[in-house]
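*Asks:* predicted model follows, preceded by the sequence.
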Amino acid sequence: MAPSDPATTDAHGYVTGQTAASIDISERLPLFIAAVIGLSFLLLMVVFRSLLVPLKAAIMNLLSIGAAYGAVVAVFQWGWGKGLDGLSGTARVITSAALIMISVFASFLLVPDI
């Protein structure tokens, strides 16, 4: 039986699933990126005893992360390249290659040598 006023109890409600996980990841992603770039900056600063090398590496890391997320947004949110239908064009080749690999690896089961 649910309480009449949930604010007066110590009950907590938790949400799970893909949507909740996506929200958690998107909230912590900038912190994770900053931690990785900061740690790599410190490590490179100690190793090379310089400020220019780690600074250039940090800037290049930020540029590569930005380019990767830009490509993901362009493909999945803006729909760039959706007319190529790459999966339907290569599905037969990929399935045939998988069947060949399965039959080759299955043939190894029949060989008595270890």
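*Replies:* Arrived safely, thanks for sending.

*Asks:* tell me where this structure has helices.
*Replies:* Applying DSSP state H to the chain gives helices spanning 18-48, 52-76, 86-107.

*Asks:* what comes up buried for the second one?
*Replies:* Okay, so that is helix 52-76. For helix 52-76, the neighbour count (16 or more other Cβ atoms under 10 Å) marks Pro54, Ala57, Ala58 as buried. All C-beta atoms are positioned from the backbone trio N, CA, C, and that covers glycine.

*Asks:* for the helices of the chain, please prepare JSON lines with the additional fields distance to Thr9 and mean pLDDT.
*Replies:* As requested, these are exported to JSON lines (distance: least, Cβ to Cβ, whole Å; pLDDT from 0 to 100):
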{"stretch": "helix 18-48", "distance to Thr9": "22", "mean pLDDT": "93"}
{"stretch": "helix 52-76", "distance to Thr9": "42", "mean pLDDT": "95"}
{"stretch": "helix 86-107", "distance to Thr9": "50", "mean pLDDT": "90"}
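
*Asks:* how about these, which one is nearest Ile114?
*Replies:* Of all these, it is helix 86-107 that lies closest to Ile114, at 15.2 Å by Cβ to Cβ.

*Asks:* sweet, I'm off.
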